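Asker: okay, sequence plus prediction incoming.
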Amino acid sequence: MIKDEDPIWKEGLYTDYGKWMDGWESRRRRTAGHDWCIVQLGIPGIIRAIEIDTAFFTGNFSPKVSIQGYYYESPIKEIEQLISIRNRSSNRPDGRMGTCATTEEWELVSNCKSQDWNILVPLSPLGPGYEATRKTIFPVSTSNIISHLRVNMGPDGGIARIRVYGEIFSNYESIPYDQDIDLASVENGGLAIAWSNMHYGHSRNLLAPGRGTCMGDGWETARQPKRPSVYTLGADGLIVLPGFDWTIIKLGKYFLYGLYHDSITKYSK
C-alpha cells in the first residue's frame, strides 16, 4: 500500500494464493471481525487528508474503510518488536503472502491498544478499482501530531495504495544549537510547492533523505520545447539558451535569536 509508484495490473499472473494484485488483499473473511494493518509513517506530522486507492480491485475491493491514528513521541517496545518481526519475515521469498497475524503479533498489537486510537476517518465507503472510482480522498480535521495509523477494512478485500498528506513535524527543540541541519530535507519540513516542469521526476525528489541512487531518483524536466533548431553563440562566446526550469522550495524552520522562522528559496536548473 505504501509503494511510491502507482499500482499496476499484470494480466494472467497468478500465485499459489490466487491472482497477483499490486496492493494489500486479505482472504475472504469467515470469522467475526474485520481485517486491519498498522502503518508507521515515515515522519510524524499533522495529517490534512488521506487518499485510499483501490486500483484494479474491482470485484474484490474493500467496500469500506476506517482509519485511526496515534503519536508515539519515542518508540515503544511493542512497535519495535513488530518492526523486528516484519523485517525477519520480509526475507522470505514470498514475504508474508498467504499468512495472517501470529499469536505474538496479536498480543503486541493488543498491548498497543490500537483499536482505541483516535478516529481520523470514520467507517466510510470506497469505490471499486475502476479509473473513475478508484481514488477516495478523506479530509482529516484533527490538528494532533500522528506517527502511526491503523487502517481497518470493512470487513475485508483489497486496497492498492494509501497516501497521507499533511505537514511534517520536526522537534527542533531537541536539536543542539550548534548543530548544522539540512533545512531543505523533507525530514526537517522542506516542501516543494511549485515547479515549471516535472516530466520525468517530481522536484520533491530533491528533498529526499540521503543521496540520490540513480538519474531517475531526482528532479528531471522535459527538454525545453522552445529551444531553437540550431544553437548560436552569444557575444560572450557561450551558447544562447532559450530559458530554464525552476522549482520553489519551502525550507524547514531555522533558528535565530531563540525564535523559529519559515523560509522559502527558489532553485533553477
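Answerer: Perfect, I can see it now.
Asker: for the stretch 151-269 of the chain, which segments count as strands?
Answerer: With strands called from DSSP state E, counting those that start in this stretch, the stretch 151-269 of the chain shows them at 158-159, 161-168, 191-195, 246-256, 259-268.
Asker: now do the strands in the stretch 1-150 of the chain.
Answerer: Shown for the stretch 1-150 of the chain, the strands assigned by DSSP E, counting those that start in this stretch span residues 14-15, 18-19, 24-25, 36-53, 64-70, 118-125, 135-139, 145-153.
Asker: got the contact list for stretch 217-233?
Answerer: Here stretch 217-233 makes contact (Cβ atoms under 8 Å, 6 or more residues apart in numbering) with 195-206, 208, 212, 239-245, 247, 269. Where C-beta positions appear, they are placed from N, C-alpha and C, glycine not excepted.
Asker: quick one: buried ones out of those residues?
Answerer: The neighbour count (16 or more other Cβ atoms under 10 Å) marks W195, N197, M198, S203, R204, N205, L206, D245, T247 as buried among the contacts of stretch 217-233.
Asker: just these: which are in helices?
Answerer: Among the buried ones among the contacts of stretch 217-233, no residue falls in helices (DSSP state H).
Asker: from the residues you listed, pick the one nearest E73.
Answerer: Nearest to E73 among the buried ones among the contacts of stretch 217-233, counting by Cβ to Cβ, is R204 at 26.5 Å.
Asker: make CSV from the buried ones among the contacts of stretch 217-233 and add pLDDT to it.
Answerer: Output for those, formatted as CSV (pLDDT from 0 to 100):
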residue, pLDDT
W195, 94
N197, 92
M198, 91
S203, 93
R204, 91
N205, 92
L206, 94
D245, 92
T247, 96
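Asker: picking up where we left off before, and the strands of the stretch 1-150 of the chain: which comes nearest I181?
Answerer: strand 36-53 (14.0 Å).
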